[in-house]
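Student: Provide a 3D model corresponding to the input given below.
(chains A, B, C, D, E and F)
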6 protein chains.
Amino acid sequence: MSLQRHQIERVVTLALEEDAPFGDVTSQTFEPATTTATAELVTREPGIFAGADVFEVAMTALDDTIKVTLLTADGDRFDTGQVLARVEGSARVILQAERVALNLVQRMCGVATLTARYVEAVAGTRARVVDTRKTTPGLRALERHAVRCGGGHNHRYSLSDAVMAKDNHLAVIPDLTAALRQAKADLPHTTHIEVEVDRLEQLEAVLDSGAAGTIMLDNFSLDDLRTGVATIAGRALVEASGGITLDTIAEVARTGVDFISVGALTHSVRALDLGLDITVS
Amino acid sequence: MSLQRHQIERVVTLALEEDAPFGDVTSQTFEPATTTATAELVTREPGIFAGADVFEVAMTALDDTIKVTLLTADGDRFDTGQVLARVEGSARVILQAERVALNLVQRMCGVATLTARYVEAVAGTRARVVDTRKTTPGLRALERHAVRCGGGHNHRYSLSDAVMAKDNHLAVIPDLTAALRQAKADLPHTTHIEVEVDRLEQLEAVLDSGAAGTIMLDNFSLDDLRTGVATIAGRALVEASGGITLDTIAEVARTGVDFISVGALTHSVRALDLGLDITVS
Amino acid sequence: MSLQRHQIERVVTLALEEDAPFGDVTSQTFEPATTTATAELVTREPGIFAGADVFEVAMTALDDTIKVTLLTADGDRFDTGQVLARVEGSARVILQAERVALNLVQRMCGVATLTARYVEAVAGTRARVVDTRKTTPGLRALERHAVRCGGGHNHRYSLSDAVMAKDNHLAVIPDLTAALRQAKADLPHTTHIEVEVDRLEQLEAVLDSGAAGTIMLDNFSLDDLRTGVATIAGRALVEASGGITLDTIAEVARTGVDFISVGALTHSVRALDLGLDITVS
Amino acid sequence: MSLQRHQIERVVTLALEEDAPFGDVTSQTFEPATTTATAELVTREPGIFAGADVFEVAMTALDDTIKVTLLTADGDRFDTGQVLARVEGSARVILQAERVALNLVQRMCGVATLTARYVEAVAGTRARVVDTRKTTPGLRALERHAVRCGGGHNHRYSLSDAVMAKDNHLAVIPDLTAALRQAKADLPHTTHIEVEVDRLEQLEAVLDSGAAGTIMLDNFSLDDLRTGVATIAGRALVEASGGITLDTIAEVARTGVDFISVGALTHSVRALDLGLDITVS
Amino acid sequence: MSLQRHQIERVVTLALEEDAPFGDVTSQTFEPATTTATAELVTREPGIFAGADVFEVAMTALDDTIKVTLLTADGDRFDTGQVLARVEGSARVILQAERVALNLVQRMCGVATLTARYVEAVAGTRARVVDTRKTTPGLRALERHAVRCGGGHNHRYSLSDAVMAKDNHLAVIPDLTAALRQAKADLPHTTHIEVEVDRLEQLEAVLDSGAAGTIMLDNFSLDDLRTGVATIAGRALVEASGGITLDTIAEVARTGVDFISVGALTHSVRALDLGLDITVS
Amino acid sequence: MSLQRHQIERVVTLALEEDAPFGDVTSQTFEPATTTATAELVTREPGIFAGADVFEVAMTALDDTIKVTLLTADGDRFDTGQVLARVEGSARVILQAERVALNLVQRMCGVATLTARYVEAVAGTRARVVDTRKTTPGLRALERHAVRCGGGHNHRYSLSDAVMAKDNHLAVIPDLTAALRQAKADLPHTTHIEVEVDRLEQLEAVLDSGAAGTIMLDNFSLDDLRTGVATIAGRALVEASGGITLDTIAEVARTGVDFISVGALTHSVRALDLGLDITVS
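Tutor: Predicted coordinates for the structure are as follows:
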């Protein structure tokens, strides 16, 4: 899965518009229209790259004569001081696009780099690290792509493409087994049904329905996770969720769960330190 | 400055669309259309509130019969376990809007709370803490509002509403003093001109022009900041910038600068831990 | 799954704009602004109703003082001469909205009514009747809803929410089993994988992968369908597809397949004969 | 009248977005980004072509390096098994655009082919076959173009560009002649006024006004149509309307009317059977 | 023909967005959110009113609790010092909307008032004063409405709703009569055909076609206009055009032409002097 | 400051859409798709050019194979009969774009030419001529650019980018000096504060605050302007405003004010007489 061009363009257009609703007064004041510049996207700390296409679209959206040369591919690991991409063209345009390009790519590299640390932590287990819907509003496609660049997996894209039945959904249902069966009978056969469970006792009703493709064990202790995995015994995929951190994820992974979802991959990301070294000529 | 309703609506509409391009299959499967719910926005850690209007718009955008009661105002300090707002109405709609509302408000409270820590750190000095253009693409208006809720000040909104001449802009200008004078002669009289300076030696050329309303001292040592403030001597406002953290901001403030800009207020925010406790009835 | 209000509004707004880019010259010429009318949505042939919300949005989009009373619910069967809904308000507005409302609802009732005939034809078998992506561009959500009103089921919504690997996708893959396994390893666990198969011999490679949630048997003879169902033996769901008509669907259903997809449900629909009887007063 | 490029692009963009809100997971999973394909648009039944530009826009909208060669022009008659167009380029993109391109062009060819049958049926008479506003919401420009490709004529485009006064409009008007005269005095001189008449007795009042450029005889018997044509005697153009089918249109045409409007040209179209034969290389 | 609400809303929304891309800093700084104000739309010179709905939409678009009371109707004549409308509500909102409301309504009143002077100048003749496509881009519907308020008539709305064949269109046509006949045979019967003629000698070819509903005599002398009217002799409507001013229009009207088109009605309008007298309480 | 390409494109797209919602029937009827034409933008009166980029975008927006050669630059003075630009390409497209291109460029040249007259009138004084927010809704960026082409200066762009405190804002403020100080303390340091003053007596309170970057003397007599300038004595910039015309602006300029704002630059502009001489070949 790569990003769709038009998804990137929509985000970039909105960002450029937000950052210059009526032009870049500084560049237009100090740079003659014909001045050119070269710029290098340089790393100031090590990490995982994500956002090659986003960088290119951001630098060229205002003026398609800008030339971008990518020196790194999404998913590549980089060191401090590495040049990730090179840009040539109108100084005005490069200076105007700089901040938007950096704001997006720094965030994406931040997500990819953080994800990679979680993925490394579960190495050797069967567990996948998956993202959540705790993404930045408007940037979901980009952040999910960054998770993949970091070696993570995506969970469902949205409320529309899979069922995730949580306690609130099930609160007033008198017969959970019957309700899940009915859901499976009504929904498209392509719609995966995942059910969140808070306590081990709820497992039987869910398993009896035969409807749950995945069961999420929410905020379970390590012992309960192990019991849950054993009880489910392959009758559904198993997702662990709830406050799992870099310190605890390895233990969770060793309980035998299939997925571990981590909201922190996207909800509180530190932007990676990248800079755009510009030489106006 | 409060947020404009239509700015909020644009962000919320986009976010809801992104999170449910073709409906919330879970709620529609398990919640009868007539089921109602009440929900409380509850804090799981202390902080500063920001985003009252955003929360209200997010909860009501899909269905204007949803009733939101705000119990806290933007800028208020809250404790763990406090109820910030109450929501009543269709269970389907509340469940569908929950994630978008939380994603936005948690981020805004994160910005406000972090800003407040920086503001406290400079208490007793003349220095204002100001934000930067390192905001999340698409969310600038919301994040700037959150900075104000935390007691911070805003810098220019965008590339359009003030001049900020940086090294790249000035790189090929033969006579900086003349260029700044010309800029002042050409630009609207309402356009504030700020000039970034990397070394003390650049100050005279800038001051001679009489054009700079503010001079930004970028990555200066504490000693150089003090010298810079003394040299400028009220002929322009003084902004300190460049990698200033919670640990160093107090010292910087005591050099006598007028503003300290902190990209970290918005570029790497930890979302505050808030939850929506929903009771389906 | 019901329709989302904003999905309906987008379609209706576009349709009204298309049908009156600069106003309804006739109504504005002949109807005083204050003239009111009542209108009844009347059936001219029997069928299944679909589009209650669409009708209401279409009649009220230009003027929210128009009052719509729905007398039938989506999915209800109706006879010739039945009044499905009643409208009261400005004559100008009702006359302007009439055609758009009818164009949409007649089509939706056409889909629902045709679907019901297919569904009746497979009664007593395990087979579901499902739709395809052969919907009218722009009206997919409405037509899928109409399929559900007629008792049919939906297939995947779009290219984004499930995998459907067809011959063209698989054409150049050297090792199909390995490719499917890799796909399953890479994709979100919520993404259902369906594989289209043209000949019985392809089944083993697909089944061996353990990746296919559904296997589509495309243009199979009845005998081959039976053999396919027996071979798959519950290891995947089975969909029959390819030129299946009202005349042949019952036989296909009796082969034991789980789903029968029918493009004709939406790609060549006869609009049902409904009228809007308007009394200008 | 050909279609405007931007009209086509708007329809196609919307359709592609609807069909892949967050990418084509199948193509991206199974097709390497560099795989190319060739595709042929092949006919599976005879008909009249319509939609050359639409096909080209649909195939190139996602990626302008896709090359489309059109082998047939709009309005051309084709046989079964004929290649109408050829496409070369990225396999991913062709596979993603395939369904949208077919959904639109099959419908347009369906309209053109059906129209041609009506047009042939009135050959040798003065009567034109004209379309109505019973088009698919969102696709009016495309369907009207298809009507022209089939040899038919267009009626007014919308409620905005001509007057069509129907019984409902005229219901409460005390003096029809005076009202029509006033309308003619008020409206732009370029606005054609057509008046719908249900009974022969209404003709005099309409003719007396001198305002009606066209009179529509709605649901008239053949005898009444003949009488109507004779009464009007060239003082206005004459349109026959109301439930006219392929079986009855020749008789109606022979009554001497100028136009026969047929809602069925667009409201219940059977999509023509076209396929895209793709060879991934 | 009145204005459509959604046409007005589109113009107003765009204008408000343009005038406050990120809020009204002045009102938000100096007006507490709860301060209310009353405002009166007052005339500073006499004229004809146009734009009642536009004023109301502009004042309420940001906040639908603003109350607007209209004291004058479109088309009414007003004196200096007259109060045309009254507004009550949030001071912030009224101050923010003031300029946009005035910019639009002053222009519309300017158009209406100027039109009325042209209309008065042709009183007693058969000639109508009609507008042209020389309207302000984006404001056509509003300016055409203002022309009607001033007693003028509208010409075609756009390039789409009527034919106007000018010298450039006809430049390379070998047989004008045949070309016009073919056009009439091809175009919808509702499409009015107007042909522009530069010299009397061109008239016969146009009249022979029987296709021209209107003939425009462009830049004719008064004598030639009279000859033209006599030659045409009712076989087509006659429009005079080309540099006609308030000084010359009466003479032109007396030549017997049916319409006189005046670009100056909209292309160079003096905004009428209106003010909004606001009392903040 | 030049215009941003996307600002121009938005205006032009909207204008073309407004002028041809469903195509140019005339060009499509009379011009074969392959006919080409050349066109010259010719002046019919002397003036100042503004709108080079706008003309180019308008002529090429429908078809990027149209070739535009600009022979004059923005800000250049031209005579009657001068060719400003040359266009080559599809006759249909040039004819369709003609009116929109002229409507925009004639208006822009009108603004530039009028501005130049005001600027000449104040030659030899320190006073700048500045525009106001009395621009045509939707065309602000274009009209402000035209003002600059005519040698004028821009005032603030919008309500968002600078404070302008008027009598209505200050009406209910008990202590003006304190309120202005508070505003300065709260607003971004880049936000210029301008205060409108109606009487000399108000000056002290404003000056005492130290917050006003500019003081606007509204509707002052020449004597009071002189007194005002003397009183302010360089403590703020001084703007004169209110009904200043070409006849009075020289005297006002000689009072020593820094800026004179003139609403008439944009609110009541006479479109300059330009034509597009088209040769269809």
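Student: so where do the helices sit in the stretch 101-250 of chain A?
Tutor: Under the criterion DSSP state H, counting those that start in this stretch, the stretch 101-250 of chain A contains helices at A:140-149, A:167-170, A:176-186, A:203-209, A:222-232, A:249-253.
Student: give me every residue that touches residue A:220.
Tutor: A:200, A:228, A:240, A:242 (Cβ atoms under 8 Å, 6 or more residues apart in numbering or on different chains). C-beta coordinates here come from the backbone N, C-alpha and C atoms, glycine included.
Student: For the closest residue to residue A:171 other than its chain neighbours, give the beta-bridge partners.
Tutor: Counting by Cβ to Cβ, 6 or more residues apart in numbering or on different chains, residue A:171 lies nearest to residue B:280, which is 4.3 Å off, once chain neighbours are set aside. Bridge pairing for residue B:280 (DSSP bridges) gives the partners residue B:37.
Student: still on that earlier bit, now list the buried members of the contacts of residue A:220.
Tutor: Among the contacts of residue A:220, those classed as buried by 16 or more other Cβ atoms under 10 Å in any protein chain shown are A:228, A:240.
Student: Mind putting the contacts of residue A:220 into TSV with pLDDT?
Tutor: Below are the contacts of residue A:220 laid out as TSV (pLDDT from 0 to 100):
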residue	pLDDT
A:200	97
A:228	98
A:240	98
A:242	94
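Student: Would you mind measuring from residue A:210 to chain E?
Tutor: For residue A:210, the distance to chain E equals 50 Å [Cβ to the nearest Cβ, to the nearest Å].
Student: tell me the contacts of the spatially closest residue to residue A:82 that is not a sequence neighbour?
Tutor: Distances taken as Cβ to Cβ, 6+ apart put residue A:43 closest to residue A:82, at 4.8 Å, once the chain neighbours are dropped. Residues near residue A:43 by Cβ under 8 Å, 6+ apart: A:78, A:79, A:80, A:81, A:82, A:84, A:272, A:273, A:274.
Student: check contacts around the last one.
Tutor: Right, residue A:274. A:41, A:42, A:43, A:44, A:84, A:102, A:105, A:106, A:109.
Student: Cross-check the contact I'm expecting between residue A:224 and residue A:202.
Tutor: No - assessed by Cβ atoms under 8 Å, residue A:224 is found out of contact with residue A:202, at 11.6 Å.
Student: Please tell me how far the nearest residue to residue A:93 once chain neighbours are set aside sits from residue F:5.
Tutor: Spatial nearest neighbour of residue A:93, chain neighbours left out: residue A:63 (4.4 Å); criterion: Cβ to Cβ, 6+ apart. Going from residue A:63 to residue F:5 by Cβ to Cβ, to the nearest Å gives 8 Å.
Student: Three-state assignment for the spatially closest residue to residue A:65 that is not a sequence neighbour, please.
Tutor: Nearest residue to residue A:65 in three dimensions, chain neighbours excluded: residue A:89, at 5.8 Å (Cβ to Cβ, 6+ apart). At residue A:89 the chain is in strand, as set by DSSP: H, G, I helix; E, B strand; the rest coil.
Student: Just give me the neighbour total for residue A:89.
Tutor: 21 (other Cβ atoms under 10 Å in any protein chain shown).
Student: Next: residue A:243.
Tutor: 11.
Student: thinking it is in contact with residue A:249, fair?
Tutor: No - at 10.7 Å, residue A:243 does not count as touching residue A:249 under the criterion of Cβ under 8 Å.
Student: interface residues of the stretch 101-250 of chain A facing chain B?
Tutor: A:102-104, A:106-107, A:110, A:133-140, A:158-166, A:168-173, A:179, A:183, A:186-187, A:191 (Cβ under 8 Å from any Cβ of the partner chain).
Student: Out of the residues you listed, name the ones that lie in strands.
Tutor: A:163, A:164, A:165 (DSSP state E).
Student: who wins for neighbours among these?
Tutor: Result: residue A:163 is most packed of these (other Cβ under 10 Å), 28 neighbours.
Student: Can you list the buried residues in stretch A:174-184?
Tutor: By 16+ other Cβ under 10 Å, the buried positions in stretch A:174-184 come out as A:176, A:177, A:179, A:180, A:182, A:183, A:184.
Student: and of those, the nearest to chain D?
Tutor: residue A:184 (21.9 Å; Cβ to the nearest Cβ).
Student: From chain E, how far out is the residue of chain A most remote from its centre?
Tutor: Largest separation from the mean C-alpha position in chain A: residue A:32, at 39.8 Å (Cα atoms, centre = their mean). When distance is defined by Cβ to the nearest Cβ, residue A:32 is 27 Å away from chain E.
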